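J.: Please work out how this folds:
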Amino acid sequence: MEAYLPLVGSRHVIDLPITESSHIVGVCCLAFDGPRYFPPEERAVLGMMAGSLGAAVDRVELSAKQHEVAEYLQRRLLPSTLVELPRLTTTARFRPATITFSVGGDWYDVIKGPGERVVLVVGDVEGHDIESAAVMGQARSAVIAYATEGHKPTAVIDRTSRLLTELGTNLLVTCCVITLDTADGTANVALAGHPEPLVQRPDGSIGTLQASANLPMGVTTGYAYQEREHTLEPGSVLMLYSNGLTGCDETDPDARALFDSGSREVDTDLEQLADLLIADTLGPRQRRDDAVLLLARYEGAGGQSVLRTGRLRIQRRDLHGVKAARTFVDDHLTSWGLAALSEDLQLIASEIVTNALIHAGSDVDVCLRAFPDRVRLEVRDSDSNPPVPSPLTLAEEEKAESEHGRGLLIVEALSTAWNSTPNGRGKTVAMDLPIPNA
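T.: Presented below is the predicted three-dimensional model:
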């Protein structure tokens, strides 16, 4: 029987259902200048083409689903927040690879130890698959457990390595562990095949906290790990990172040069420095490895301003959360002798906390820190999408869609600087207010 195409408008078209596993996943439309006959050979070719298109569409949808799963796993495996201490300021970043949709094995942690000690950790599991993520979860859990018990860095790495070996891990795990006593600035550094951490001293010079390279974790149970002790001066900035931070090409800057150039461009703000360091320095080239970055500034043991820190946790759907945030801000600023800033900062806190409670649908952490020259308010939630201020001049039909964006204009007007940075499971919105006559 002859097959002719029907006339549709001014074109002759044929619609080929695109199927995959007996399910229709799309339609391929072919247009021709006029009616034509399709012999059996051409019909077979069209059928094969539709089948190939179905397989391609299915692979694209599968890749998109894998990408979503990988992003979710990465958010759940990384810490939701970083432990904050009065004498230590920290921030962290994660940058995924671009040539794979699989989840990686890079992680970071800031762990509160006994007394005045804090443990900084950056690790990397080889590979980009579910096994790498699983091993990373095992290694991170072990490091947190041993560090919380108060073990020194070599003991933390040794015990974690023994555990991974007993579990039959076939992947190499590198790690950098620093135990910092914030009371006197003593830092003990132990490595497990990981790059040495960098330090920016108060005079601006960049160096390394040298330590024995040691073997990666999970290789053997009979290796004696070694560590090295250093003393940090107040104002020193530590940089822990994984190999993916810099490119593999010889023309790419190494971590030390990257840290040096970033420190020269950014003065004292760790958030801006972290954004600059984690930026895509490779240009249009694809990134082959994940990257994590952990920055920590040792404020020192002395000084009243260093000790002025407050934290508040607001439960999701708490109808009184915004009021609690305003009271929290007012009480702390008044006790610090900064009541003149209370009204503006209460208004800022109201806008940011309201936005977080409405859009994130999660618990909200509020942190208030007073520095010698400024007060910083940080609000953390689980929504990774950054807040976007809405312009005041909008067409009438656009006003309804911008209902929740105008509060950020208040934040921009009242604060000297504000930014939104991603963390492991969401984002942190931070803003600064200068202290008058500081």
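J.: can we go C-alpha only for contacts and neighbour counts from here?
T.: OK.
J.: looking at this protein, which helix or strand does the model trust least?
T.: strand 7-8 (a mean of 46; mean pLDDT, DSSP states H and E).
J.: Next SSE downstream of it?
T.: strand 11-20 (DSSP states H and E).
J.: Show me how far that next one is from its chain's centre.
T.: 44 Å (CA atoms, centre = their mean, to the nearest Å).
J.: One more: stretch 195-203?
T.: 22 Å.
J.: can you give me the helices in the stretch 251-400 of the chain?
T.: Remark: helices assigned in the stretch 251-400 of the chain by DSSP state H, counting those that start in this stretch are 255-265, 270-278, 321-335, 342-359.
J.: Over the lengthiest helix in the chain, what's the mean pLDDT, rounded is fine.
T.: Longest helix in the chain, counting residues (DSSP state H): helix 40-77. Average pLDDT, helix 40-77: 76.
J.: Counting by contacts, list what it packs against.
T.: On a contact count with 3 or more CA pairs under 8 Å, 6 or more residues apart in numbering; DSSP states H and E, helix 40-77 meets strand 11-20, strand 23-32, helix 130-148.
J.: cutoff 6 Å now
T.: Contact here means 3 or more CA pairs under 6 Å, 6 or more residues apart in numbering; DSSP states H and E; on that basis helix 40-77 packs against strand 11-20.
J.: hmm, back to that, tell me which of the helices of the stretch 251-400 of the chain lies nearest to Val119.
T.: Ranking the helices of the stretch 251-400 of the chain by distance to Val119, with CA to CA as the measure, places helix 270-278 first at 18.4 Å.
J.: what residues does the closest one touch?
T.: Val266 (CA atoms under 6 Å, 6 or more residues apart in numbering).
J.: what is the rounded mean pLDDT of it?
T.: 85.
J.: got the buried residues for it?
T.: 270-278 (16 or more other CA atoms under 10 Å).
J.: next helix or strand past the longest helix of the chain?
T.: strand 88-95.
J.: Kindly export that next one (C-alpha atoms) in CSV.
T.: The C-alpha trace of strand 88-95 is given here as CSV (Å, rounded to 0.1, in the frame of the first residue of the first chain):
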residue,chain,number,x,y,z
LEU,A,88,38.9,31.2,65.1
THR,A,89,37.1,32.3,62.0
THR,A,90,36.5,29.7,59.3
THR,A,91,34.8,29.3,55.9
ALA,A,92,34.8,26.6,53.3
ARG,A,93,34.0,26.0,49.6
PHE,A,94,33.2,23.0,47.4
ARG,A,95,33.6,23.1,43.6
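J.: Does anything pack onto it? Which helices or strands?
T.: Partner elements for strand 88-95 (3+ CA pairs under 6 Å, 6+ apart): strand 291-298.
J.: coming back round to it: could I get the helices of the stretch 251-400 of the chain as TSV with distance to Ser420?
T.: TSV is the format used below for the helices of the stretch 251-400 of the chain (distance: least, CA to CA, whole Å):
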stretch	distance to Ser420
helix 255-265	19
helix 270-278	9
helix 321-335	19
helix 342-359	11
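J.: looking at these, which is closest to Leu120?
T.: Nearest of the helices of the stretch 251-400 of the chain (CA to CA): helix 270-278, 15.7 Å.
J.: Taking strand 291-298 as reference, get the angle to that closest one.
T.: 150 degrees (axes from the mean of the first three to the mean of the last three CA atoms, to 10 degrees).
J.: still on that earlier bit, out of the buried residues of helix 270-278, which one sits closest to Leu245?
T.: Ile278 (6.8 Å).
J.: Tell me where the stretch 51-200 of the chain is predicted with low confidence.
T.: Along the stretch 51-200 of the chain, the parts satisfying pLDDT under 70 run over 63, 66-72, 74-75, 97-103.
J.: ok, now with 90
T.: 51-89, 91-106, 113-117, 126-137, 149-150, 166-171, 182-184 (pLDDT under 90).
J.: Tell me how far the longest helix of the chain lies from the chain's centre.
T.: On CA atoms, centre = their mean, the centre of helix 40-77 falls 29 Å from that of its chain.
J.: now the angle between strand 11-20 and that helix, please.
T.: Going by the same axes, to 10 degrees, helix 40-77 makes 50 degrees with strand 11-20.
J.: Domain boundaries for this structure, per the record?
T.: 7-71, 79-298, 308-434 (automatic domain parsing).
J.: what's the most buried one of those domains?
T.: Stretch with highest mean neighbour count among those: domain 79-298 (a mean of 19; mean count of other CA atoms under 10 Å).
J.: Tell me where the stretch 101-250 of the chain has helices.
T.: 130-148, 153-166.
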